[in-house]
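In: Structure for this input, please:
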Amino acid sequence: MRWRRGAAAFVLLAVGTATADDWRDRLTFTASDRARGEFADWFEPPLGTAIPGAERYAFFGNQLRLGVRFTLPQVQAVLEMQDTRIANLPEDASLAPPQGNLGTGAAYFANTHHTAQGGPFLEQGFLTVRQRGLSATFGRFEYPDGLGTTPGDATLATLKRSRIAERLVGPFEFTHVTRSFDGGRATFDRPALNATAVAFFPTEGGFEVSANRGISRMSRRGPRRRSRASRAGGRRAGRRGRASP
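Out: Sure, this is the predicted structure:
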């Protein structure tokens, strides 16, 4: 199979490159756990559309990630698993249109109709190859749109990070599930220019705990070009792309 041949080629490359150094120095294990309780007091629905107090509730979510990263001078392989568990979701806060879901807890419940839900899935699994400013990534990865470069001006950097980044495409990190992308990314990075081309399908994720599944009917592809910001300040960046239904 193709993926087996690719894995074998990567192993041979790793063995051939890591002759002088101990391979254990290139291996990094990662672990993180995020626990969060959420308290909702949503807009009160019209009288008669829901039981009294349906817009007020509390629920709990936990996000556990375990990963391993193998890094060589020109190659990096990453594997990261995630387990999400959500409990005490409201079962009476998902209403028919036009009211819809009364808050984020209701949005989780609407996808599964279970007050307790969750499970493990592959969050990231990709291979990146770098050579002379050009890098190519293939597999499942996170893609925060708009964060390819950082302006040298601190104010512009904060504005870009808080107001511009991920306005269209991103990992949706606020949710307990988040979202990844299956496909490829190529980046050309130089002091004066950063250009990125992507082609991928998003995974379900977001408020859907079945995050292993991809949304094959939707894709994102297109080139991006950014002018590098100088160390003293920033410049406007150009971009263009296309989202396909």
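In: Measure how far stretch 118-131 is from the centre of its chain, please.
Out: Offset of stretch 118-131 from its chain centre (CA atoms, centre = their mean, to the nearest Å): 10 Å.
In: Show me which positions of it end up buried.
Out: G118, F121, L122, E123, Q124, G125, F126, L127, T128, V129, R130 (16 or more other CB atoms under 10 Å). Glycine gets a C-beta too; all of them are placed from N, C-alpha and C.
In: Likewise for stretch 79-92?
Out: L79, E80, Q82, T84, R85, I86, L89, P90.
In: Looking at the residues you listed, which is nearest T203?
Out: Q82 (11.0 Å; CB to CB).
In: Kindly provide the distance from the closest one to P191.
Out: Here Q82 is placed at a distance of 35 Å from P191 (CB to CB, to the nearest Å).
In: How about Q117?
Out: Distance from Q117 to P191, by CB to CB: 47 Å.
In: Output the below-cut-off pLDDT ranges for the protein.
Out: Applying pLDDT under 70 to the chain picks out residues 1-21, 217-245.
In: Let me see the contact set for the one residue sitting closest to the centre of it.
Out: Closest to where the C-alpha atoms of the chain average out (CA atoms, centre = their mean) is P171, at 2.6 Å. Applying CB atoms under 8 Å, 6 or more residues apart in numbering to P171 gives the contacts E142, Y143, P144, T178, R179, S180.
In: Mind doing that once more with 10 Å?
Out: P171 is in contact with 123-124, 141-145, 178-181, 202-203, 205-206, counting by CB atoms under 10 Å, 6 or more residues apart in numbering.
In: before we move on, what about A58?
Out: Counting by CB under 10 Å, 6+ apart, A58 makes contact with G37, E38, F39, A40, D41, N88, L89, P90, G105.
In: Which of Q117 and P191 has more residues huddled nearby?
Out: For Q117 versus P191, the count of surrounding residues by other CB atoms under 10 Å is larger for Q117: 21 against 9.
In: Could you measure from the more buried one over to Y108?
Out: Q117 sits 7 Å away from Y108, taking CB to CB as the criterion.
In: Identify the contacts common to these two.
Out: G61, T84, I86, L89, H176, V177, E208, V209.
In: where do the helices sit along this protein?
Out: Assigned by DSSP state H, the helices in the chain fall at 2-17, 104-112, 154-159.
In: and P97, how far is that from G105?
Out: Relative to G105, and taking CB to CB, P97 is found at 18 Å.
In: Please identify which of the two sits among more neighbours.
Out: When P97 and G105 are compared on other CB under 10 Å, the one with more neighbours turns out to be G105, at 27 against 5.
In: Excluding sequence neighbours, find me the nearest residue to that one.
Out: The shortest distance from G105 to any non-neighbouring residue, by CB to CB, 6 or more residues apart in numbering, is to F59 (4.6 Å).
In: what does P120 give?
Out: Per CB to CB, 6+ apart, closest to P120 is D83, 4.4 Å.
In: ok so, going back, among the contacts of P171, which ones are buried?
Out: Here the buried ones among the contacts of P171, as counted with 16+ other CB under 10 Å, turn out to be 123-124, 141-143, 145, 178-181, 202-203, 205-206.
In: so what's the residue nearest to G105 bridging to?
Out: E38 (DSSP bridges).
In: For it, which residues are in contact?
Out: Taking CB under 10 Å, 6+ apart, we find F59 in contact with 36-40, 86-90, 103-106, 108-109, 115-116, 176.
In: For P98, see how far away the closest residue to V78 other than its chain neighbours is.
Out: Nearest non-adjacent residue to V78, counting by CB to CB, 6+ apart: R69, 5.0 Å away. Going from R69 to P98 by CB to CB gives 46 Å.
In: So for the two, which sits in the more crowded spot?
Out: R69 (15 against 8).
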